[in-house]
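Q: Only the shape, not the letters, is given here:
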């Protein structure tokens, strides 16, 4: 077998280990052939640093010096190639195994291509290489790799929904409310496009008329029938815990335009007004600022995970607090320690649509607006509970 290049690999790849270059003295470790190499192949395929894959040189020590007696026979190369197909590394990455030369001495050169199906696992474990060291992936590493895989397919909200049909869309609602909110009416009249082209141009349907997740969520007749969990569950308790009697319970089914229209009067009807005195002046003030409630609910609907969770967005109203919960933890560059400063979008097309429809004022300002509204209303600061699978916000009644 021939090397990919006749050039010395030290000249081509370098003489120091990096995130994309790893040296191994031998293909064996602790009597088990292939485990150290399997970890390295897995890490290069996961390509955490975005280098396009990486290279592994067998027969080079950690200091970048070739070692003697490296087996570069066809038998040795084929044994390493079998690593791809022996079932221990999944999804199977693409890599080549060839003989080469490093600083004039024979070595084995494994070139691993970045996988499109991350995270890749070797014997059930995800390995990554964030720098010149291969290690087990952290929970955050695995989240990044999973989201990168989904990103290559495009965001969920812009994809066609399997088994959905054109008749699942409320075309009248689209033309009456959605389209005029996002497109200048003069442009609509001037272009004269058929409705299917209008839907496709706004990412609500594919050119052949299959609704996207965005189309079903915003103007679908019954989004939850195609996207399970795409509704709001509202419960009000006559007490401070889940054992208290239920005073009201509603499921707000339907598209987001209809949900928003039902949600505001529902929230408003549950507010209680108190009289606040300042000397001889008295003013009426609700126990929760409607602005904060509206912001929390619309942000929950905008940022929630519609792709893999069947849980609804939940609004639970107790005597002393309100809890808003939605499935889907931090996304992209957002983490549980920076969510109040950093913004990213799991559903970018939906976020743009909600802003165009007037349900979201400005991107990245939701938490700040909630904080300011609560402070003006005399309510304690909001309490956030963020984990990998969900996002919960609790606001407490003003004293």
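A: That came through fine. Note that this is a predicted model, so its numbers are computed, not measured.
Q: Helices of the stretch 151-300 of the chain, residue ranges please.
A: 171-173, 179-182, 185-191, 195-201, 213-219, 256-270, 290-303 (DSSP state H, counting those that start in this stretch).
Q: Mind putting these into a markdown table with mean neighbour count and distance to residue 25?
A: No exception for glycine: its C-beta is placed from N, CA and C like everyone else's. A markdown table is the format used below for those (neighbours: other CB atoms under 10 Å; distance: least, CB to CB, whole Å):
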| stretch | mean neighbour count | distance to residue 25 |
| --- | --- | --- |
| helix 171-173 | 14 | 67 |
| helix 179-182 | 14 | 61 |
| helix 185-191 | 10 | 67 |
| helix 195-201 | 17 | 57 |
| helix 213-219 | 28 | 51 |
| helix 256-270 | 17 | 59 |
| helix 290-303 | 22 | 48 |
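Q: Can you check which of the ones you listed gets nearest to residue 333?
A: helix 290-303 (13.5 Å; CB to CB).
Q: Identify the neighbouring strands of the helix or strand just after the closest one in the sheet and state each direction.
A: Elements were assigned by DSSP states H and E; along the chain past helix 290-303, the next helix or strand is strand 313-317. Using DSSP bridges, the strands paired with strand 313-317 are strand 232-237 (parallel), strand 321-327 (antiparallel).
Q: Just the residues contacting strand 313-317, thanks.
A: Residues from elsewhere that reach strand 313-317 (CB atoms under 8 Å, 6 or more residues apart in numbering): 231-237, 267, 270, 297, 300-301, 304, 322-327.
Q: about what we covered before: ok, which of the strands paired with strand 313-317 comes nearest residue 53?
A: Using CB to CB, the nearest of these to residue 53 is strand 321-327, at 33.8 Å.
Q: just the angle between that closest one and helix 290-303, please?
A: With axes from the mean of the first three to the mean of the last three CA atoms, to 10 degrees as the basis, strand 321-327 and helix 290-303 are set at 20 degrees to each other.
Q: Check the average confidence over strand 321-327, would you?
A: Averaged over strand 321-327, pLDDT sits at 97.
Q: again, but for stretch 368-377
A: 93.
Q: likewise stretch 105-117?
A: 93.
Q: on that earlier part again, figure out which of the strands paired with strand 313-317 is closest to residue 89.
A: Nearest of the strands paired with strand 313-317 (CB to CB): strand 321-327, 31.4 Å.
Q: Compute the inter-axis angle for that closest one and helix 256-270.
A: 160 degrees.
Q: Give the buried residues for the helix or strand following strand 321-327.
A: Sequence order places helix 348-356 as the next helix or strand after strand 321-327, per DSSP H and E. Neighbour-count burial for helix 348-356 flags 348-355 (criterion: 16 or more other CB atoms under 10 Å).
Q: In terms of secondary structure, what does helix 348-356 contact?
A: helix 179-182, helix 213-219, helix 290-303 (3 or more CB pairs under 8 Å, 6 or more residues apart in numbering; DSSP states H and E).
Q: Next up, the contacts around the residue positioned nearest the centre of the chain.
A: Residue closest to the average C-alpha location in the chain (CA atoms, centre = their mean): residue 331, at 4.3 Å. Residue 331 is in contact with 147, 303, 344-346, counting by CB under 8 Å, 6+ apart.
Q: Tell me where the stretch 1-150 of the chain has strands.
A: Ranges of strands within the stretch 1-150 of the chain are 21-24, 28-29, 32-33, 53-58, 89-90, 95-102, 105-113, 121-122, 125-128, 135-136, based on DSSP state E, counting those that start in this stretch.
Q: Need these in JSON lines (columns: mean neighbour count and distance to residue 366).
A: Shown next, in JSON lines, are the strands of the stretch 1-150 of the chain (neighbours: other CB under 10 Å; distance: least, CB to CB, whole Å):
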{"stretch": "strand 21-24", "mean neighbour count": "23", "distance to residue 366": "43"}
{"stretch": "strand 28-29", "mean neighbour count": "14", "distance to residue 366": "50"}
{"stretch": "strand 32-33", "mean neighbour count": "12", "distance to residue 366": "52"}
{"stretch": "strand 53-58", "mean neighbour count": "24", "distance to residue 366": "39"}
{"stretch": "strand 89-90", "mean neighbour count": "18", "distance to residue 366": "39"}
{"stretch": "strand 95-102", "mean neighbour count": "21", "distance to residue 366": "45"}
{"stretch": "strand 105-113", "mean neighbour count": "21", "distance to residue 366": "40"}
{"stretch": "strand 121-122", "mean neighbour count": "20", "distance to residue 366": "36"}
{"stretch": "strand 125-128", "mean neighbour count": "21", "distance to residue 366": "32"}
{"stretch": "strand 135-136", "mean neighbour count": "12", "distance to residue 366": "35"}
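Q: and those strands, which one is worst for confidence?
A: strand 32-33 (a mean of 44).
Q: Helix or strand with the lowest mean pLDDT in this structure?
A: strand 32-33 (a mean of 44; mean pLDDT, DSSP states H and E).
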